[in-house]
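Student: Turn this into a model:
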Amino acid sequence: MNKKELHAEVEAICTRHAINDEAKAELLKLVQPKKGGARIDIAEIAVFDENGVVAFILDSYIDKWVPLHDAEGNENFYAQEDKELGWSRFSRTAEKARKDSVKKFKATKDAVLTDVMSEAISQAEARELMEAAEEGKSVWELPEDFVCYDERPATTVPEAVETTETAEA
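Tutor: Prediction:
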């Protein structure tokens, strides 16, 4: 029984037993189905400049603060008009690094399977290779010039630039 069905059943029981309106309202509040989707506080995931424009977003993949625009003025995030923030929560660079890591893992898995099937390696060697590939899948290679910050930036763009070469998922 899902929350919506539970809510309807509690309401029916209250009506059948002539529960007073105040008690019925309290019971229904306890089983009220939640609205779909998670609500986030934009102030916790974005830093705004003095004009109220997004300057930094907390990248959900790498858990680091990334400026909205890179040094050349290109957008680090995809615009998403339908979202409250107006931007994706994943930077283009982190998304590419994640996809590259998954692609590398799949290629390794295919190669190991081919080697096992052709008896070029033993099952024990294949197991070791796959364990290493699994561990490597969560380490993403970010470009050296990719600017991101561990600490929440101030509302203005900081002058000191700290780059992160790799990130763990």
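Student: Show me the shaky parts of this protein.
Tutor: Scanning the chain for pLDDT under 70 picks out the ranges 33-39, 155-169.
Student: Break the chain into its domains for me.
Tutor: Following automatic domain parsing, one finds the domains of the chain at 1-37, 40-169.
Student: Quick check: next helix or strand after the host helix or strand of Ile57?
Tutor: Using DSSP states H and E, Ile57 falls within strand 54-59. For strand 54-59, the following helix or strand on the C-terminal side (DSSP H and E) is strand 64-67.
Student: Pull out the buried positions in that next one.
Tutor: By neighbour count on 16 or more other C-beta atoms under 10 Å, the buried set for strand 64-67 is Lys64, Trp65, Val66, Pro67. Placement of C-beta: from N, CA and C, glycine included.
Student: Report the two of those separated the most.
Tutor: Within these, Lys64 and Pro67 form the most distant pair, 10.8 Å apart (C-beta to C-beta).
Student: OK, contacts around Arg89?
Tutor: For Arg89, the residues meeting the contact criterion (C-beta atoms under 8 Å, 6 or more residues apart in numbering) are Ile45, Ile57, Leu58, Asp59, Ser60, Phe77.
Student: nearest spatial neighbour of the first one, skipping sequence neighbours?
Tutor: Excluding the flanking residues, the one nearest Ile45 by C-beta to C-beta, 6 or more residues apart in numbering is Leu58, at 4.5 Å.
Student: Cool, thanks, signing off.
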